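In: A predicted structure for the sequence below; I have some questions about it.
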Amino acid sequence: MPIGPRLSRIFGSDNICKILYSRQDLCNGKLTDITDGKIYKSWYEDGGVFQDMEESCTVPLALFCDGLNPHKSMATQKSMWPLILTWLNLPVNVRNILGPMMLVGIVPGTKTEEPKNLDPYLDLLVDELLELTECTMFNAYRGAPTSVRIALLHYMCDIPAFSKILHVSSQAALRGCPYCKEEGFYCKSLHKVVHINNRAFLPENHPLRKEKNDFAIKGEDRASKPESYTKEEELEIRNSYDQLPNQNRKSLLQKKTGLKGKYSFMRLPYHNRQEQMQPDGMHTIADVIGNLFGLITGKDDGKRYGVEKKSFNDLRIHGTAEPSSMTRKQL
């Protein structure tokens, strides 16, 4: 579904166009929306994608993508993947309603499995975004044609969706972090990959770094936080992936790096994956609250919890970086 005619219709609407010009900065130093943050403001500074443009004449877009199943009787959990764009410099109460929120496509799966590749559908979206990067639309507020700049600058997805649209490994992989080179461990009793080097992200002089007995890794932790891939490193890995002759070698490279081949949005000249990915806050918060609730109520104080507690205590006693119940199992 093309986005150009819909954006043109919104700019031609008196009510919505007035909102773009009347929107005031009411944050008062508080971070209440993406428009209050440094990243959003950097788009309008020198070197930004919207430099030398009035904010009311720009269209910063965010992409939502997630799998769902409208038919409970089907064998797969996520039989279709909607692609939705929203206009970031509209007020929140307007931005997230039908109309300004634009459904640009629905990627279908089959009765037994979800779609494996979204790139053919995303290529169509990227083609239109490149065509509309700088265009002229009738501005109802000014009553005259206006130069408008459009850019997709934000991605709000969960990790499985990021894996499909940005070609990174999923949360079940050892290299499952899409932001850095951190490598996890596979925990047999929990049946999942866990990351135990959490103190590496604390300030160097933080008192928790000096704790010797209360963390999975015994002793003081002076490790620095994991590095991220540079743009050049990531591009080289993705090019190497695409040039490999068979799927087995591609899978080995993905397990080693957490990255797959090039993806559609890399064609956008302003694309920056690590800066434009929104962390999956909903699942993170839900998991943290769910785990705490389970421990407080005793819901999780069962056999599996006991096995993992013993493994954790064994790890503290032996002081190794790799728990006995965790293996370097390549997912």
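Out: In hand now; what should we look at?
In: Regarding Q171, what is its secondary structure?
Out: Three-state assignment for Q171 (DSSP: H, G, I helix; E, B strand; the rest coil): coil.
In: Would you mind measuring from it to P160?
Out: Distance of Q171 to P160, computed by CB to CB, to the nearest Å: 7 Å. (Glycine included, C-beta is placed from N, CA and C.)
In: Check the contact lists of these two and give me the overlap.
Out: Residues touching both Q171 and P160 (CB atoms under 8 Å, 6 or more residues apart in numbering): none.
In: Show me what the strand of greatest length in the chain is packed against.
Out: Under DSSP state E, the strand in the chain containing the largest number of residues is strand 144-157. Secondary-structure packing of strand 144-157 (3 or more CB pairs under 8 Å, 6 or more residues apart in numbering; DSSP states H and E): helix 4-11, strand 58-65, helix 119-131, strand 134-139, helix 159-166, helix 273-276.
In: CA atoms only for that strand, dumped as PDB, please.
Out: Presented in PDB, the C-alpha positions along strand 144-157 are these (Å, rounded to 0.1, in the frame of the first residue of the first chain):
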ATOM      1  CA  ALA A 144       0.800  26.400  -1.100                       C
ATOM      2  CA  PRO A 145       3.100  23.600  -2.200                       C
ATOM      3  CA  THR A 146       5.900  22.900   0.300                       C
ATOM      4  CA  SER A 147       9.100  21.000   0.100                       C
ATOM      5  CA  VAL A 148       8.900  17.900   2.400                       C
ATOM      6  CA  ARG A 149      11.600  15.500   3.500                       C
ATOM      7  CA  ILE A 150      10.700  12.000   4.500                       C
ATOM      8  CA  ALA A 151      12.900   9.500   6.300                       C
ATOM      9  CA  LEU A 152      12.500   6.200   8.100                       C
ATOM     10  CA  LEU A 153      14.600   6.700  11.300                       C
ATOM     11  CA  HIS A 154      13.200   4.400  14.000                       C
ATOM     12  CA  TYR A 155      12.400   0.700  14.300                       C
ATOM     13  CA  MET A 156      10.100  -0.500  17.100                       C
ATOM     14  CA  CYS A 157      10.100  -4.300  17.100                       C
END
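In: Can you give me the buried ones in it?
Out: 146, 148-157 (16 or more other CB atoms under 10 Å).
In: so how far is that strand off the chain centroid?
Out: In terms of CA atoms, centre = their mean, to the nearest Å, the centre of strand 144-157 is set 19 Å apart from its chain centre.
In: Same check on stretch 82-92?
Out: 16 Å.
In: What lies in contact with that stretch?
Out: For stretch 82-92, contacts defined as CB under 8 Å, 6+ apart pick out 3, 10, 16, 19-20, 23, 33-35, 40, 55-56, 58-66, 68, 95-96, 100-107, 118, 121-122, 125, 152-154.
In: Could you rerun that using 7 Å?
Out: 3, 19-20, 23, 33-35, 55, 58-65, 95-96, 100-107, 121, 125, 154 (CB atoms under 7 Å, 6 or more residues apart in numbering).
In: now do stretch 190-200
Out: Stretch 190-200 has contacts (CB under 7 Å, 6+ apart) with 172-174, 176, 182, 184-187, 208-209, 215-217, 221, 223-226, 308, 331.
In: Now stretch 197-211: average pLDDT?
Out: For stretch 197-211, mean pLDDT rounds to 88.
In: actually stretch 98-114, not the one I typed
Out: pLDDT averaged over stretch 98-114 gives 81.
In: Okay, now it: how far is its last residue from its first?
Out: Taking CA to CA, to the nearest Å, stretch 98-114 runs 26 Å from one end to the other.
In: which other residues reach that stretch?
Out: Under CB under 7 Å, 6+ apart, the answer for stretch 98-114 is 1, 3, 6, 10, 16, 67, 74-76, 78-87, 90, 94-95, 115, 118, 121, 125.
In: Return the subset of those residues lying in helices.
Out: Here DSSP state H is the test, and the contacts of stretch 98-114 give 6, 10, 16, 94-95, 121, 125 as lying in helices.
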